[in-house]
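1. Predicted model and sequence below, questions to follow.
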There are 4 protein chains.
Amino acid sequence: MTNKPSFSCDYMEGALPEILEALLKTNMEQSPGYGTDSYTASAKTKIREACGTPDADVFFLVGGTQTNATVIRAILKTYEGVIAAETGHISVHEAGAIEAGGHKVLTIPHYDGKISARDLEDYLRNNLADGNRDHMVIPGMVYISQPTEYGTLYSRAELEQISALCREYKLPLYVDGARLAYALACKENDVTLKDLGRLCDAFYIGGTKCGALFGEAVVIPQHGLIPHFFTTIKQGGALLAKGRIAGIQYDVLFTDDLYLKAGKAGIDAADRIRAVLEEEGYELKFGSPTNQLFVALDDAERERLSDEVGLGFWENLPDGRTIMRIATSWATTDANVDRLIEVLRKH
Amino acid sequence: MTNKPSFSCDYMEGALPEILEALLKTNMEQSPGYGTDSYTASAKTKIREACGTPDADVFFLVGGTQTNATVIRAILKTYEGVIAAETGHISVHEAGAIEAGGHKVLTIPHYDGKISARDLEDYLRNNLADGNRDHMVIPGMVYISQPTEYGTLYSRAELEQISALCREYKLPLYVDGARLAYALACKENDVTLKDLGRLCDAFYIGGTKCGALFGEAVVIPQHGLIPHFFTTIKQGGALLAKGRIAGIQYDVLFTDDLYLKAGKAGIDAADRIRAVLEEEGYELKFGSPTNQLFVALDDAERERLSDEVGLGFWENLPDGRTIMRIATSWATTDANVDRLIEVLRKH
Amino acid sequence: MTNKPSFSCDYMEGALPEILEALLKTNMEQSPGYGTDSYTASAKTKIREACGTPDADVFFLVGGTQTNATVIRAILKTYEGVIAAETGHISVHEAGAIEAGGHKVLTIPHYDGKISARDLEDYLRNNLADGNRDHMVIPGMVYISQPTEYGTLYSRAELEQISALCREYKLPLYVDGARLAYALACKENDVTLKDLGRLCDAFYIGGTKCGALFGEAVVIPQHGLIPHFFTTIKQGGALLAKGRIAGIQYDVLFTDDLYLKAGKAGIDAADRIRAVLEEEGYELKFGSPTNQLFVALDDAERERLSDEVGLGFWENLPDGRTIMRIATSWATTDANVDRLIEVLRKH
Amino acid sequence: MTNKPSFSCDYMEGALPEILEALLKTNMEQSPGYGTDSYTASAKTKIREACGTPDADVFFLVGGTQTNATVIRAILKTYEGVIAAETGHISVHEAGAIEAGGHKVLTIPHYDGKISARDLEDYLRNNLADGNRDHMVIPGMVYISQPTEYGTLYSRAELEQISALCREYKLPLYVDGARLAYALACKENDVTLKDLGRLCDAFYIGGTKCGALFGEAVVIPQHGLIPHFFTTIKQGGALLAKGRIAGIQYDVLFTDDLYLKAGKAGIDAADRIRAVLEEEGYELKFGSPTNQLFVALDDAERERLSDEVGLGFWENLPDGRTIMRIATSWATTDANVDRLIEVLRKH
């Protein structure tokens, strides 16, 4: 391990101490497998309540790509594809997991990581309207992320528009919430868990990047929407034998608002850093209000910073500069933020 | 949680205390993701040493079905299938995970869960020998488990025969070691990790059922045998963001022979119970020498026992009786074994 | 080409002369593609009438494996498999086409190529009855062939039993009719096209082996049962650009009972040969009443016959003899039958 | 059938008369199945000679989507995708056939349907250069069409550049020749069959749109490059039982340069029409020198023309006009061209 504080990503530490405590405390209890234990049941109840979806089917999977691939494969029919932003995680960074499941990702433009209802409507109108489309993949669902790949947020109004379109065209709407805690805890955000429960057909509440050792909670508000999803999860190798390990973590995360508190810690750290970046005249990209900040740096600045703190490479700019990511999380310490700020100011 | 001791399966508790301690101790350290951390590196080194395979590629996945599906999909070519016992886990209990990856499971007979070299040779001779087979799935690898579904063990001589056949026919041999600790710790066993390293093309050292919270360590003795396996793991949704959570667990399991000790605890418990079952005249099935015992019970006996201890349903017998499974593990307590023995004697 | 008459299979010649005439006559007409032409429309109308299924969806595909793979993939859901005889064409001779589509073939015993309603019911009762089956592939449809791989026939009563079971368990029943003309033309047969239309959820009327250059007509009695099947056909590479080439062939086959006549020619030839085989004491296997005869021959007999006529290898018997297939078809000439009979009598 | 001449596509008629004659003449000959007949052997020999590839593996499949899906699936490994123009047939018009086979289509920009070596090199450099790409689909081959979707042609120099890049990066280059006859017969073309044989790793010589009833001939210059391709073809449902039907057609097409003559007929007709379009000031799009012409028409013109001749819809333009396709083929009659010209001049 290095002593240099790192902001390169938001999955560098273990888990919230409360989670480890609960794992310790329950460790030698015996419980049945595959998510049939009482901790999992309790976690499901709490999640249903938090989302305002009393009938929801809730499942706990392990990681984000797995969750996306499993949910999408379970929803789509053979001849259907999933609409996503061209920058969507499923479009680019899942090594072809959706295609390995037999389905095309149908990409539409993005605006700082978000799709627009207007583009979506155009796409749907052009691709569902007439019989000439029989030789093409038929859109079968819509995938978005909250926050997006670029840390940006859909407003409630935007989500409502997209949801209304999906319902008009009878396409399930699925929201990838890998970093949902950081959306929920963000001042700029007005989309609640209850909004997701009301507006989506499936979404997941990310754990891996939001305080858990691992785990993603899939919520399907309408009970039975995805028949035999348990078996599809098993088939996808996504079923935990010791399901309770995920159940306990979510039971803890949804006790005393711990999930929101985890998000808030990450957001507070990001806010402090963002303020300094702006003050010092760094060029921020994408306008992310959440726990990921994207800064355009020339080589000298990048090297100077990287000598002192870990940053994440994001992408090269045509002008020779580099966009670097500064990610905070539930685990970011004040000391590390102080150190980063000190380094940022020295330019 | 119930107070009735349960022997229904070997994944009812959390993890070895040493593992939880290590997770606690390292919890707030920062480390890079996806298995590039130092704990994972250390675990790989220890595993390579234990298996006598200094060049082996080692990967940590989450669960057994996932591991089987990912390894098999990575090894087979489009037109190939995997040979397995008709009772093999991949044949029956993985919800079609292999087929979902596009491949047929080619089944051959089993003897208490094991395949015979003779049947395998017959199959290979009949299916590779001539050009008439072009309309059929071509065998591309061989899958066995150690211990098997029925708790039985391949001897070193048997494994050598199967391995020699596989090499003659140029088919990779893959061993599912979901419960490998209980094989390694068993008196009847003469197959070591080094034998597996020498005789197999890929195998996994099971963690989920052998003391870890979760995790399976895939060992590919010949470096580079499976190109870009990392990307295939990602594509299969089997890549942990916080790879170190698996790495730390295996690093602990392969320190001070903890993996073998975990196995020995399960075997010792099973041996005590088996002795009583035999003494008391219960009918044992399949002759399992490892941590799973299979007892044929009539309804009255089954109900009497089930009132006192948890047993696992295995299968119905044509004579109306039921085979029930008694599984022990690293976590089985002496008190629970005492209680079970007491109940078993009262018949 | 050899001058030795061959009975090795039933796809050795081109097509019925009426089909070639129709292709010639219409050759330079212009018509729209992908089965939207008038010949295809006419063929569909005639098939709907012949099957007593006025609302049926009818599609023309190219070959048998393609048809099976496309229909089965279109019907099954992700987590389902198809039940078939262990000798079913999809189980053995399609190079894993069903598995390549992501689904397991769930095999049950066969009796001369047929499944029994009793075994099917046992299977369904055992595999659907309780929640313990969530880790296994869920049966999603039933596949049978008429005639079977061994030339045998389901009686109407048997088909009704199987159909009733399928409806009770809500599983679509699909019949592979690669050689259906030879069933329909067979004296022993009491299953009509109208019975298939009444009792099945999908079936195909084979063309390739029954007088066409190529082609298989899929009939889905209930309109809309398989949504967007056109797109699934396209996706499976099974859509003919010049759809009319198939349409014209079926339009001809279903004019003036040509399809039945083609079948009858094959059956008459087979009947003549079978009578001689029985008279001369040859050992017939499987009791096929249709256009495929299976004879057990020792090496000397096999060689003697094979010097004079082409026979098809079927399988080796444990006693050292070989089962050879004698296949007739719409194209079998009297002269060739005479020659075969002459050779058969000389033993 | 309508009496209005149609130019809507190039697969509206049957086949070249020579092909039907050959089918008629050989109709009642007996030959073995699955492409093991002497006509298929002869066709392969002629194609090998025409392509200057004496060792090539040659296979005959049925249609274009099927051929693309089968070849691509056979070449790619699990973790790989195929690079194609964003307008490539496999990207847009094959209903997700490549994805159904488990692989992503990796799109790069197009220029009138063509990719540039420069963009390809950029893509490869960015996507193969470093280890950061492990979470993304790995490029495994390159797909182009000759002519392209827009009727345009790669020059020999362009093809050589692309081929050199592919060899540098060890990616197989595959050329979709659905309309190859119209490229070969085009004055502007300098890419011969021998160039394809020299520069590609696989390509197909289209039959369906170039004079055959159906059929596409896959040429793999290096023998054995795709192991067990026969079984993959079978698995993909792409194997003709009566293989000779395709073999005879290609045997005829490659006798006396018939394939080139078929192409020339289509090109001559297109050239006459193009000259008039230019003379009369119609706006041609994409600059296609082959058998497909694309004309931008306003609604009034489009309706006026469509009353007299069949045109193919291509796409809507942002300015409200429509691009219509005029396709000629081996079957286009002088009379129909005369009629079209007459209509075109009347504006």
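-> Right, received. Where do you want to start?

2. and the residue of the stretch 201-347 of chain A found nearest chain D, what are its phi and psi?
-> Nearest residue of the stretch 201-347 of chain A to chain D (Cβ to the nearest Cβ) works out as residue A:313 at 7.1 Å. Glycine gets a C-beta too; all of them are placed from N, C-alpha and C. Main-chain torsions, residue A:313, degrees, to the nearest 10: phi -70, psi 130.

3. Tell me what it is bridged to.
-> residue A:324 (DSSP bridges).

4. From residue A:148, how far out is it?
-> 19 Å (Cβ to Cβ, to the nearest Å).

5. Looking at those two, which is more packed in?
-> residue A:148 (27 against 14; other Cβ atoms under 10 Å in any protein chain shown).

6. mind listing the strands for chain A?
-> A:57-61, A:80-85, A:105-108, A:138-145, A:173-176, A:202-206, A:216-220, A:283-284, A:292-297, A:312-316, A:322-327 (DSSP state E).

7. Could I get those in a markdown table, plus columns for distance to residue A:260?
-> Conversion of the strands of chain A to a markdown table gives the following (distance: least, Cβ to Cβ, whole Å):
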| stretch | distance to residue A:260 |
| --- | --- |
| strand A:57-61 | 18 |
| strand A:80-85 | 26 |
| strand A:105-108 | 31 |
| strand A:138-145 | 19 |
| strand A:173-176 | 17 |
| strand A:202-206 | 11 |
| strand A:216-220 | 14 |
| strand A:283-284 | 25 |
| strand A:292-297 | 18 |
| strand A:312-316 | 25 |
| strand A:322-327 | 19 |
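
8. Compare these and give me the one nearest residue B:254.
-> strand A:57-61 (27.6 Å; Cβ to Cβ).

9. Show me what counts as buried in the closest one.
-> Residues A:57, A:58, A:59, A:60, A:61 are the ones in strand A:57-61 that count as buried (16 or more other Cβ atoms under 10 Å in any protein chain shown).

10. Stretch A:153-166 now?
-> So, applying 16+ other Cβ under 10 Å, buried residues of stretch A:153-166: A:153, A:154, A:158, A:159, A:160, A:161, A:162, A:163, A:165, A:166.

11. got the CA positions of it in PDB?
-> This file holds the C-alpha atoms of stretch A:153-166, laid out as PDB (Å, rounded to 0.1, in the frame of the first residue of the first chain):
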ATOM      1  CA  LEU A 153     -27.900  13.800 -12.500                       C
ATOM      2  CA  TYR A 154     -31.300  13.500 -14.100                       C
ATOM      3  CA  SER A 155     -33.700  15.900 -12.600                       C
ATOM      4  CA  ARG A 156     -37.100  14.600 -11.400                       C
ATOM      5  CA  ALA A 157     -38.700  16.400 -14.300                       C
ATOM      6  CA  GLU A 158     -36.300  14.800 -16.800                       C
ATOM      7  CA  LEU A 159     -36.900  11.400 -15.300                       C
ATOM      8  CA  GLU A 160     -40.600  11.900 -15.500                       C
ATOM      9  CA  GLN A 161     -40.400  12.700 -19.100                       C
ATOM     10  CA  ILE A 162     -38.300   9.700 -19.900                       C
ATOM     11  CA  SER A 163     -40.600   7.500 -17.800                       C
ATOM     12  CA  ALA A 164     -43.700   8.800 -19.500                       C
ATOM     13  CA  LEU A 165     -42.200   8.100 -22.900                       C
ATOM     14  CA  CYS A 166     -41.200   4.600 -21.900                       C
END
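
12. show me what contacts residue A:193?
-> For residue A:193, the contact set (Cβ atoms under 8 Å, 6 or more residues apart in numbering or on different chains) comprises A:50, A:51, A:52, A:184, A:205.

13. 10 Å instead?
-> Shown in contact with residue A:193 (Cβ atoms under 10 Å, 6 or more residues apart in numbering or on different chains): A:47, A:49-53, A:177, A:180, A:184, A:203, A:205, A:219, A:254, A:259-260.

14. How about residue A:343?
-> Counting by Cβ under 10 Å, 6+ apart, residue A:343 has contacts A:5, A:276, A:304, A:305, A:306, A:307, A:308, A:309.

15. do residue A:200 as well
-> A:51, A:53, A:142, A:144, A:146, A:159, A:162-163, A:166, A:172-175, A:177, A:219-221.

16. Give me the residue at the spatial middle of chain A.
-> residue A:178 (2.0 Å; Cα atoms, centre = their mean).

17. can you give me the helices for the stretch 1-150 of chain A?
-> Under the criterion DSSP state H, counting those that start in this stretch, helices of the stretch 1-150 of chain A are mapped to A:17-25, A:38-51, A:64-75, A:89-92, A:97-100, A:117-128.

18. Include mean neighbour count, distance to residue C:226 and mean pLDDT when you put these into CSV, please.
-> What follows is the helices of the stretch 1-150 of chain A, written out as CSV (neighbours: other Cβ atoms under 10 Å in any protein chain shown; distance: least, Cβ to Cβ, whole Å; pLDDT from 0 to 100):
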stretch, mean neighbour count, distance to residue C:226, mean pLDDT
helix A:17-25, 17, 47, 98
helix A:38-51, 20, 35, 98
helix A:64-75, 27, 18, 98
helix A:89-92, 20, 27, 94
helix A:97-100, 27, 23, 97
helix A:117-128, 16, 19, 91
